[in-house]
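J.: Sequence plus predicted model, see below.
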Amino acid sequence: MVTEAMSQVSENMTARTRELQSFLDLTRQAIQARAVPGSPAARATARIFDALAEPVAQTYPAGGVARLPVCESIEPALANARRQTPSLAQLGDALAAIEPKLGWRRRPGAEALGPAFAEGHANAYVVGPDGIERRDDVLVGISLMAPRLQYPDHNHPPEEVYVTLSAGSWRQGAGAWSEPGPGGIVYNPPDVVHAMLSGEQPLLAIWCLWCGRG
């Protein structure tokens with residue numbers, strides 16, 4: 001009986017909530033709907049979500065559930081996403097369901113980039129070191145920016161796939177700005193310098209990074 005009870009506790013610790021699983025499933029579907037089969041974006045998506053097929057223990061963010069003033073922009077951004085396509089509306093609803101469990105944070109060093117950027121953006125892990133599901137092989141998170149802001153040039157070793165829930169522009173290196181549009185995707189190869197730019201509406205996007213091997 002003791003062994004059976006311990007097994008049940010272990011199973012409950014690693015079982016995902018229906019809301020989190022729905023968000024991850026719909027994020028994968030949104031990327032797969034736009035990624036060219038066999039492309040780097042498609043291969044990265046397969047690696048990320050194949051790894052996520054094995055859940056790990058869920059907890060609230062280590063730094064605590066938190067909201068910043070810019071998070072007031074989430075509702076209008078989600079309302080706009082719901083007006084696009086049924087599939088994007090579903091993804092927006094799934095994000096809304098898990099958003100109260102997220103720990104929103106500013107980018108480290110944001111204050112050095114001026115008060116408009118520091119106060120006008122927020123990021124949150126859904127899966128990752130400070131996410132609902134803590135793990136280090138995959139990162140899934142959300143970026144939010146107030147209108148008319150640029151997220152600074154940055155880069156990181158893991159490759160990355162964005163799915164956009166709003167209008168906005170992306171740039172790689174010294175290239176031109178491009179607009180994937182609501183429901184579009186952006187693939188960033190490992191270490192490429194990239195940036196984001198919001199327009200007249202808040203920018204809301206989901207990012208997925210593959211940090212494992214292979």
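T.: Happy to help now that I have it. Nothing here was measured: the structure is a model prediction, and the numbers come from that model.
J.: Surely Leu88 is within a helix?
T.: Yes: assigned with DSSP: H, G, I helix; E, B strand; the rest coil, Leu88 falls within a helix.
J.: any idea how far Gly168 is from Trp177?
T.: 10 Å (CB to CB, to the nearest Å). For glycine as for every other residue, the C-beta is placed from the backbone atoms N, C-alpha and C.
J.: from what I can see Ala81 touches Leu165, true?
T.: Yes: judged on CB atoms under 8 Å, Ala81 makes contact with Leu165 at a distance of 4.3 Å.
J.: which one of the two has more residues nearby?
T.: Here Ala81 and Leu165 are compared on neighbour count by other CB atoms under 10 Å; more neighbours surround Leu165, at 28 against 23.
J.: which residues of this structure score low on pLDDT?
T.: 1-14, 62, 214 (pLDDT under 70).
J.: buried ones in the longest helix along it?
T.: Longest helix in the chain, counting residues (DSSP state H): helix 18-34. Using 16 or more other CB atoms under 10 Å as the test for burial, helix 18-34 gives 19-20, 22-24, 26-28, 30-32, 34.
J.: now these in a markdown table, with distance to Ser87?
T.: Listed next are the buried residues of helix 18-34 as a markdown table, based on distance: CB to CB, whole Å:
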| residue | distance to Ser87 |
| --- | --- |
| Glu19 | 17 |
| Leu20 | 19 |
| Ser22 | 13 |
| Phe23 | 13 |
| Leu24 | 15 |
| Leu26 | 8 |
| Thr27 | 11 |
| Arg28 | 12 |
| Ala30 | 7 |
| Ile31 | 11 |
| Gln32 | 11 |
| Arg34 | 11 |
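J.: before we move on, back to that, what touches both of Ala81 and Leu165?
T.: Any residue near both Ala81 and Leu165 by CB atoms under 8 Å, 6 or more residues apart in numbering counts here, and that gives 88, 91-92, 182, 204.
J.: Give me the subset of the residues you listed lying in helices.
T.: 88, 91-92.
J.: quick one: which of the shared contacts of Ala81 and Leu165 is nearest Arg213?
T.: Among the shared contacts of Ala81 and Leu165, Leu91 lies closest to Arg213 (CB to CB), at 28.9 Å.
J.: Okay, the closest one and Val127: tell me how far apart.
T.: Taking CB to CB, one finds Leu91 at 16 Å from Val127.
J.: how about stretch 41-57 as PDB, C-alpha atoms only?
T.: Presented in PDB, the C-alpha positions along stretch 41-57 are these (Å, rounded to 0.1, in the frame of the first residue of the first chain):
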ATOM      1  CA  ALA A  41      12.100  25.600 -38.100                       C
ATOM      2  CA  ALA A  42      10.200  22.300 -38.600                       C
ATOM      3  CA  ARG A  43      13.200  20.300 -37.300                       C
ATOM      4  CA  ALA A  44      13.600  22.500 -34.200                       C
ATOM      5  CA  THR A  45       9.900  22.300 -33.500                       C
ATOM      6  CA  ALA A  46      10.000  18.500 -33.600                       C
ATOM      7  CA  ARG A  47      13.000  18.400 -31.200                       C
ATOM      8  CA  ILE A  48      11.300  20.800 -28.800                       C
ATOM      9  CA  PHE A  49       7.900  19.200 -28.600                       C
ATOM     10  CA  ASP A  50       9.200  15.600 -28.800                       C
ATOM     11  CA  ALA A  51      11.100  16.400 -25.600                       C
ATOM     12  CA  LEU A  52       8.000  18.000 -24.100                       C
ATOM     13  CA  ALA A  53       6.200  14.700 -24.600                       C
ATOM     14  CA  GLU A  54       7.800  13.700 -21.300                       C
ATOM     15  CA  PRO A  55       6.500  16.100 -18.600                       C
ATOM     16  CA  VAL A  56       8.400  17.000 -15.400                       C
ATOM     17  CA  ALA A  57       7.300  18.200 -12.100                       C
END
